[in-house]
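# This is a predicted model, with the sequence first.
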Amino acid sequence: MHVSAKLDYALRALLHLAEHAPAVVNVETLSAEQQLPRLYAEAVLNDLRKHGYVVSRRGARGGYRLAVAPDQLRIGPLVRLVDGPFVTVHDQDPASVRYPGAAQHVPALWGTVDDALHGALDGITLADVLAGRLPSPGRA
């Protein structure tokens, strides 16, 4: 699984907002404390706002805050929103790929990987990540 900069920044921004909830956090503070490029952070936060993850407030005391409680925000849907499907094969869903002969079961392998990622990421919330309550590696 490839983690894009956009996904990394989105998750870090949401964690920062969760840590400071229910306060409104301005982009400058978030960018500085999370070491994110300001313009990129603004773009990511704007996308998250459009999809209901954060709300914004304009003005001198403006900024962003979470729109969803951290224990209700699951990581899997965030990944799919920002980066698309977990597993693709030549830009296709693994279930739609067909190989002949000895490779005939390879699409099922990719499907198994996809199911495992869904299971792991859909079961983890923003609150879990913030608190460090994560499955041990190899035990997801």
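Alright, I've got the coordinates. Numbering: from 1, shown residues only.
# so Val55 sits in a strand?
Yes: the assignment for Val55 is a strand, going by DSSP: H, G, I helix; E, B strand; the rest coil.
# Thought Val68 was touching it, still the case?
No: when contacts are counted by CB atoms under 8 Å, Val55 is not listed as touching Val68 (9.7 Å). C-betas here are computed from N, CA, C, even on glycine.
# what bits of this protein have low per-residue confidence?
Within the chain, the ranges that satisfy pLDDT under 70 run 138-140.
# Let me see the domain layout of it.
5-66, 75-131 (automatic domain parsing).
# quick one: terminal-to-terminal distance for the shortest one?
Translated: domain 75-131. One end of domain 75-131 sits 14 Å from the other (CA to CA, to the nearest Å).
# from the middle of its chain, how far away would it be?
14 Å (CA atoms, centre = their mean, to the nearest Å).
# now do the first one
Between the centre of domain 5-66 and the centre of its chain there are 13 Å (CA atoms, centre = their mean).
# how about the strands in the chain?
With strands called from DSSP state E, the chain shows them at 54-57, 63-66.
# follow-up on the earlier one: can you list the domains of the chain in JSON lines and add mean neighbour count?
Below are those laid out as JSON lines (neighbours: other CB atoms under 10 Å):
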{"stretch": "domain 5-66", "mean neighbour count": "16"}
{"stretch": "domain 75-131", "mean neighbour count": "14"}
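# Turn the ones you listed into a markdown table, including distance to Pro137.
Compiled in a markdown table, the domains of the chain are given as follows (distance: least, CB to CB, whole Å):
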| stretch | distance to Pro137 |
| --- | --- |
| domain 5-66 | 18 |
| domain 75-131 | 11 |
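# Isn't Ala67 up against Arg57?
No: taking contacts as CB under 8 Å, Ala67 lies outside contact range of Arg57: 11.7 Å.
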